[in-house]
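In: predicted model, plus sequence, below.
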There are 2 protein chains.
Amino acid sequence: MLFTSGLIQIDKTAQVPVYLQICNGIIGLIRQGTLKPGTALPGSRVLAALLKIHRKTVVAAYDELYAQSWVDVYARKGIFVAKNLPDVSPRAIGTTPNKNAYPNKTFFEVPQKVPYPELFATDNPRTLVFDDGFPDIRIAPVELMLREYRRFANYHFTQKYLTYGPEQGSVNLRTQLARFLGETRGLQVNADDILITKGSQMAIYLCAQILLGKNDVVIAADPGYPGANETFEHTGAKMQLVPVDEHGISLDAVEAICRQKKVKLVYVIPHHHRPTTVTLSAERRMRLLELARKYKFAIIEDDYDYDFHYASSPILPLASADYDGCVIYVGSFCKTIAPGIRIGFMVAPANLIIQTTRLRKMIDRQGEHLLEEAIANLLKNGDIGRHLKKANKLYRERRDLLCTLLREQLGQYLSFKIPDGGFAVWVKYADGFSPQEVSEKAAVMGLTLNDGRDYFYDNNPAHQYVRLGFASLNNKEIREAVDILGAVFKKLS
Amino acid sequence: MLFTSGLIQIDKTAQVPVYLQICNGIIGLIRQGTLKPGTALPGSRVLAALLKIHRKTVVAAYDELYAQSWVDVYARKGIFVAKNLPDVSPRAIGTTPNKNAYPNKTFFEVPQKVPYPELFATDNPRTLVFDDGFPDIRIAPVELMLREYRRFANYHFTQKYLTYGPEQGSVNLRTQLARFLGETRGLQVNADDILITKGSQMAIYLCAQILLGKNDVVIAADPGYPGANETFEHTGAKMQLVPVDEHGISLDAVEAICRQKKVKLVYVIPHHHRPTTVTLSAERRMRLLELARKYKFAIIEDDYDYDFHYASSPILPLASADYDGCVIYVGSFCKTIAPGIRIGFMVAPANLIIQTTRLRKMIDRQGEHLLEEAIANLLKNGDIGRHLKKANKLYRERRDLLCTLLREQLGQYLSFKIPDGGFAVWVKYADGFSPQEVSEKAAVMGLTLNDGRDYFYDNNPAHQYVRLGFASLNNKEIREAVDILGAVFKKLS
């Protein structure tokens, strides 16, 4: 056939490079049968002249075609459409390929083993949200993280992170994290004592799977964190709930349970307990450790927002006063960088780290090595420390603004204590206001907030409490949200 | 105090920006007590003149100090070291912080629930390796992936990927993958039928956890893939093993078991069965589907290397001929891009996707949204298709070279069939050669290869087989490795 310039369309303004346009154009001609196997293609000089482009571009296109096996190259003869085209259609098995709709139900039975975590809707409505206490992703240090990724473009340096890596997590990250935990939390650990996980959720799942079995007793606070409770119950364990007051969970209640039955695990969020935001007092921390030694239960210390404190210096974690191996210390960078960046960790003695690491390998083999290296560099450079200082300052201002506005404008409808740290205020509605009604009315006016569920184990909104997250809202948004909430209360009064 | 230029050291050639050097220098002076709370700092003009730098740099340094709460700013008065310094040490609980060594054993008991997966040594020896069949990370399209990450630096675009995302995986990725699976595999599915996982391992784990319980019967081939078998056995299920010949697993053996007991699950690797590299014939595929309908078992079709075939066109997956919902289709990009890039997927009817997605949420909440978006773009742009074409061409050449050399140089010591695709050759040593001895001698001479374990369920190296991975070695390395292997055999003869 005569190869004419009209056969291939080139658009020099398109995003696709010209050599790829030529390459794809020729592939198209081969596929539609215009260029048959064995056909000679014009030499690069000829085609360059035909298409009015540089010869190098044609050579690049031919190289690409050769790399993709669309052409054969014979020395001193030229370039020919390949005799064996790479674009073979797969062979169907049995009858024709399935044109039916994909079945919406399995033929085999699927046990409903996991009834609880609700799945997200795909699209979040674009309204004002008092969330449960999330960081502001608008200040997330994503540029810094991407800067580290850009450094990975130095290819030889990066290769070792692309193959199967250590299941326990990047050695660099564990080393930097050990230093960071020592400096910020007085935790004297080293890289071997740490397992890097996907968020603190994975650490909780791994510990639950290893430590718990059917009918084992787990103690947690009520109100508490359903994401942990559900994970414990998934193993067949039974929850025993204890109250929480302004100094944290009740250890009298914990001890009363321990006297009656064998307790396997106590789950505690010592800094800014979710949802009530209270801090476990130093005295109770010491007593909890004593109880753990006396009754031989494990403690999961979920310290996910230790780094966010505004009022006073934080109390050191339980883990930093644990000389006996009673405490599993769990933390996360999901609140520090962004919820979508899934890096968490657990610190525990070697015998538990080995078991959880093996299980982790069975689940997903290993974490994202490149991401772990990026976070390691951010810790090493001090970028994370600097970001935390800035974020703390900003979130403290937002907390103060929200608390001031709530007190001044909505004092008659609700009450609260100013939280020492974290991302949300724990608010009690005055009698007569139903959190469900408030939430419904607010939604109509463009404000999303919790309807009183998700805090207490009985899921009953009659408790009259909600969490109002302030960290993810700027000052303007906080004012707007409080204004809407005020209007809702007025309507309901 | 008098603020003199000597107090702050600036190195304009250092990697740290000058404004950060000034900022960090001043923080150092505050920390060591040289600059006390309330001390006035020099105006930006004065300090710029003192340090012989641009005033804007000083302003940037002061902004950073303010953002980190180290200084107070009073309008028309100036900048002062903050009265309340942010650098407060945390309060210890009880006694002094733990200076003891971290305990190496828990106080509570840790059940040894996960005995099997061996954990990696941290450092891989830098020798020549005949691996189990891994891709060559040196040709991994990492630049393309990082190009997508660079696009994410466009911040507004990226924000939505930083918050909690869909647990089922990026909608973009699932949409692109559905199209890709349709084009390459004749699988007529849409985004809702797909769950994005961390590699195919997570898909196998999720299905095992949902579908299996104590003493349930699972059928798999022997020799087979221990990573799957161990995951099934972890649920308490019992493995029933069936032989595998040149057309794949024996369905007579499968049916014989089904006649005797209730079978819950059949695990099959239809393309290039690991370890033997055989392809399940079209006839057996149809019969396996019939058996699944007759005996109501689930099929996990692990098709991790469908995209790598060299000899002939591939046979369509079982899933593409499954009209009834018998097949769970599992795949991965870990072999396409790099093992360290953990993206896999499962395709199944909605009732199973919901259960596995819920469990996935309990394990780690969601995948890496940014990474999932990057892969979605690579699929959309055709980059992955192009890379696969190139990789196939290269790996086919490497397969041919290895097979030629093995036949010509080592024909008296071993035998094999040329594999249709995949990453490794399944080699049988001649009688009298122990895989363990070969492996030990080779290691001394700088070549790492399997010692005959990890293929058969009994883990017995007496079977005389090993896999020789060719894809990750270039031609020079393949020649060297075969030379060493030849020298080993000569020594052992």
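Out: In hand now; what should we look at?

In: which positions within stretch A:184-204 qualify as buried?
Out: Neighbour counts over stretch A:184-204 (16 or more other Cβ atoms under 10 Å in any protein chain shown) mark A:184-189, A:191-204 as buried. In this view, the C-beta of every residue, glycine as well, is placed from N, C-alpha and C.

In: burial measure for A:Ser44, as a count.
Out: 19 (other Cβ atoms under 10 Å in any protein chain shown).

In: and it, how close does it get to chain B?
Out: 20 Å (Cβ to the nearest Cβ, to the nearest Å).

In: without its sequence neighbours, what residue ends up closest to that residue?
Out: Spatial nearest neighbour of A:Ser44, excluding adjacent residues (Cβ to Cβ, 6 or more residues apart in numbering or on different chains): A:Val58 at 4.3 Å.

In: for that neighbour, give me its contacts.
Out: Taking Cβ atoms under 8 Å, 6 or more residues apart in numbering or on different chains, we find A:Val58 in contact with A:19, A:22, A:44, A:47-48, A:51.

In: kindly recompute the last result at 6 Å.
Out: Taking Cβ atoms under 6 Å, 6 or more residues apart in numbering or on different chains as the contact definition, A:Val58 lies against A:44, A:47-48.

In: who in the stretch 201-350 of chain A is up against chain B?
Out: Selection of the stretch 201-350 of chain A residues close to chain B by Cβ under 6 Å from any Cβ of the partner chain yields A:201-202, A:205, A:210, A:231, A:282, A:285-286, A:296, A:298, A:313-316, A:320-321, A:323-326, A:338-340, A:349-350.

In: per-residue confidence at the residue nearest to A:Ser44?
Out: The model reports A:Val58 with a pLDDT of 90.

In: over to A:Val268?
Out: At A:Val268, the model reports a pLDDT of 98.

In: torsion angles phi and psi at it?
Out: phi -140, psi 140 (degrees, to the nearest 10).

In: how about A:Val244?
Out: Residue torsions, per degrees, to the nearest 10, at A:Val244 are phi -130, psi 130.

In: my guess is it meets A:Ala221, correct?
Out: Yes - the pair A:Val244 and A:Ala221 passes the contact test of Cβ atoms under 6 Å, sitting 4.3 Å apart.

In: please say which of the two ends up with more neighbours.
Out: A:Ala221 (28 against 22).

In: distance check, that one against chain B.
Out: From A:Ala221 to chain B the distance is 19 Å (Cβ to the nearest Cβ).

In: contact partners for the spatially most central residue of chain A?
Out: The centre of chain A sits closest to A:Arg342, judged by Cα atoms, centre = their mean, with a distance of 3.5 Å. For A:Arg342, the contacting residues are A:198-199, by Cβ under 6 Å, 6+ apart.

In: can you do 7 Å?
Out: By Cβ atoms under 7 Å, 6 or more residues apart in numbering or on different chains, the contact set of A:Arg342 is A:198-199, A:334, B:364-366, B:368.

In: following the helix or strand that the residue nearest to A:Ser44 is a member of, which helix or strand shows up next?
Out: Secondary structure from DSSP states H and E places A:Val58 in helix A:55-67. Following helix A:55-67 in sequence order, the next helix or strand is strand A:71-74 (DSSP H and E).

In: buried sites along that following strand?
Out: In strand A:71-74, counting by 16+ other Cβ under 10 Å, buried: A:71-72.

In: tell me the helices and strands packed up against that strand.
Out: helix A:55-67, strand A:78-81 (3 or more Cβ pairs under 7 Å, 6 or more residues apart in numbering or on different chains; DSSP states H and E).

In: would you map the helices across the stretch 151-300 of chain A?
Out: Ranges of helices in the stretch 151-300 of chain A, per DSSP state H, counting those that start in this stretch, are A:155-159, A:171-185, A:199-211, A:226-233, A:251-260, A:282-295.
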